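Chemist: okay, here's the prediction I keep looking at, along with the sequence it came from:
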Amino acid sequence: MSASLEGRVAIVTGGGRGIGLAIARGLAEAGAKVLIADHGGGIAGEGGDPDVARRAAGELGADAAAFTESIASPGAARHAVGMAVDRFGGLDIVVNNAAILRDAFIFKADPADWEAVIRTNLSAAFYLINAAAPIMRENAKTGRGGGESYDRGRIVNIVSTAGLYGNFGQSPYASAKAGLVGLTRVAAMDLARSGITANALAPFARTRVTDIIQPANEAQASYKARALKLDPKHVATAVTWLCGPAAQQVTGQLFGVRGREIFLFSQPRPVARLVQEDADWTPESLAEAAAAFESDYTPLETDLEAFNTEPFV
């Protein structure tokens, strides 16, 4: 891989295993110095093992370091940013990949699980962007990198098609991932003047999450079997592209990666419109007119069902 990220410093949350480790490895191979932020908790967020991040950093060598606190607090996010700056002399790239999963049907779910998933999967991403953005904006003002304009600032939020389509029993996970799409759009707008891009990427790959999928039907069982064939290295390739010079003009976009397939997703915009110019709507008049929407309603299919075709691996 070319050294297109030489001189950049990155933080990758959840970088100790799976997709996060593949991303950290890809960024390091492209020349970036990488802080791997991973407290080594279980898939539900329980426990912690600092050796997870330390092993990953050790694999990447001297240009990597381990941050072993949970990133799900404003203080930890500021600490991680400070560590990256102190250890490697700056910060250019943030990849928000850390996520936990606590699935339950919405009529059985525990509000404490909702709050834990939102805190880890959504709030932590905001905390880290909030702590990193002033450093990255200052990079633009001081001309870090030496070019005519700052072209190193990158935010990549790892989302999920569960947040776009929905999936059974995943109210907190899907809501957090959908929230990350909104966070990506706002970050892209707020940071555009500094030349910092923000994009979201929905991965399909073999992960701990894939391993624990409990298929509710034959289609979902097929989806799981296919997902287990997908090497996370393909996700890392796309993230490395988004973090490189060639993607400087790409921001506010939503991508998907499934093996050797790359998707550009549309983003919700009005697809149909009803207007009553001469009077307010009533429930009765709207009920009659809304029949015109029926052909445009979005099917109630899960992401597992929507992507249940043989991937290119």
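Modeler: Perfect, thanks for sending it.
Chemist: from Gly26, how far off is the closest residue to Ala246 other than its chain neighbours?
Modeler: Nearest residue to Ala246, sequence neighbours excluded (Cβ to Cβ, 6 or more residues apart in numbering): Ser4, at 7.6 Å. Heads up, the C-betas are built off the backbone N, CA and C, glycines and all. According to Cβ to Cβ, to the nearest Å, Ser4 stands 11 Å off from Gly26.
Chemist: okay, and the common contacts of the two?
Modeler: Common contact partners of Ser4 and Gly26 (Cβ atoms under 8 Å, 6 or more residues apart in numbering): Thr240.
Chemist: ok so, going back, and the residue nearest to Ala246, that's in a strand?
Modeler: No: counting by DSSP: H, G, I helix; E, B strand; the rest coil, Ser4 is located in no strand; its state is coil.
Chemist: what's around Phe265, how many residues?
Modeler: Counted by other Cβ atoms under 10 Å, the residues lying close to Phe265 total 15.
Chemist: just Ala109 next, same as before
Modeler: So Ala109, with other Cβ under 10 Å, has 17 neighbours.
Chemist: show me what the residue positioned nearest the centre of the chain is bridged to.
Modeler: Centroid-nearest residue in the chain, with Cα atoms, centre = their mean: Ile158, separated by 1.3 Å. Here Ile158 sits in beta bridges with Leu201, going by DSSP bridges.
Chemist: hmm, Leu122 and it touching each other?
Modeler: No: if you go by Cβ atoms under 8 Å, Ile158 and Leu122 don't touch, sitting 11.9 Å apart.
Chemist: overlap in contacts of the two?
Modeler: Joint contacts of Ile158 and Leu122 (Cβ under 8 Å, 6+ apart) are Leu180.
Chemist: compare Ser4 and Gly26 (neighbour count), which wins?
Modeler: Gly26 (25 against 15).
Chemist: same for the helix or strand hosting the more buried one, what does it pack against?
Modeler: Taking DSSP states H and E as the definition, Gly26 sits inside helix 18-29. The contact analysis (3 or more Cβ pairs under 8 Å, 6 or more residues apart in numbering; DSSP states H and E) places helix 18-29 against strand 9-13, strand 33-37, helix 51-60, strand 93-96, helix 233-243.
Chemist: now these as a markdown table including mean neighbour count and distance to Arg260?
Modeler: Converted to a markdown table, the helices and strands packed on helix 18-29 look like this (neighbours: other Cβ atoms under 10 Å; distance: least, Cβ to Cβ, whole Å):
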| stretch | mean neighbour count | distance to Arg260 |
| --- | --- | --- |
| strand 9-13 | 29 | 23 |
| strand 33-37 | 30 | 25 |
| helix 51-60 | 19 | 25 |
| strand 93-96 | 30 | 21 |
| helix 233-243 | 23 | 6 |
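Chemist: can you lay out these as CSV showing mean pLDDT and distance to Pro215?
Modeler: Converted to CSV, the helices and strands packed on helix 18-29 look like this (pLDDT from 0 to 100; distance: least, Cβ to Cβ, whole Å):
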stretch, mean pLDDT, distance to Pro215
strand 9-13, 98, 29
strand 33-37, 98, 32
helix 51-60, 98, 28
strand 93-96, 98, 28
helix 233-243, 98, 22
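Chemist: in TSV, list those along with distance to Ser149.
Modeler: Listed next are those as TSV, based on distance: least, Cβ to Cβ, whole Å:
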stretch	distance to Ser149
strand 9-13	19
strand 33-37	22
helix 51-60	30
strand 93-96	17
helix 233-243	17
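Chemist: so for Ala176, which of those sits nearest?
Modeler: strand 93-96 (10.9 Å; Cβ to Cβ).
Chemist: for stretch 205-224, buried residues please.
Modeler: Neighbour-count burial for stretch 205-224 flags Ala205, Arg206, Thr207, Val209, Thr210, Ile213, Gln220, Ser222, Tyr223, Lys224 (criterion: 16 or more other Cβ atoms under 10 Å).
Chemist: contacts only, for the fifth one.
Modeler: By Cβ under 8 Å, 6+ apart, the contact set of Thr210 is Lys224, Ala227, Leu228.
Chemist: distance-wise, check it relative to Arg226.
Modeler: 10 Å.
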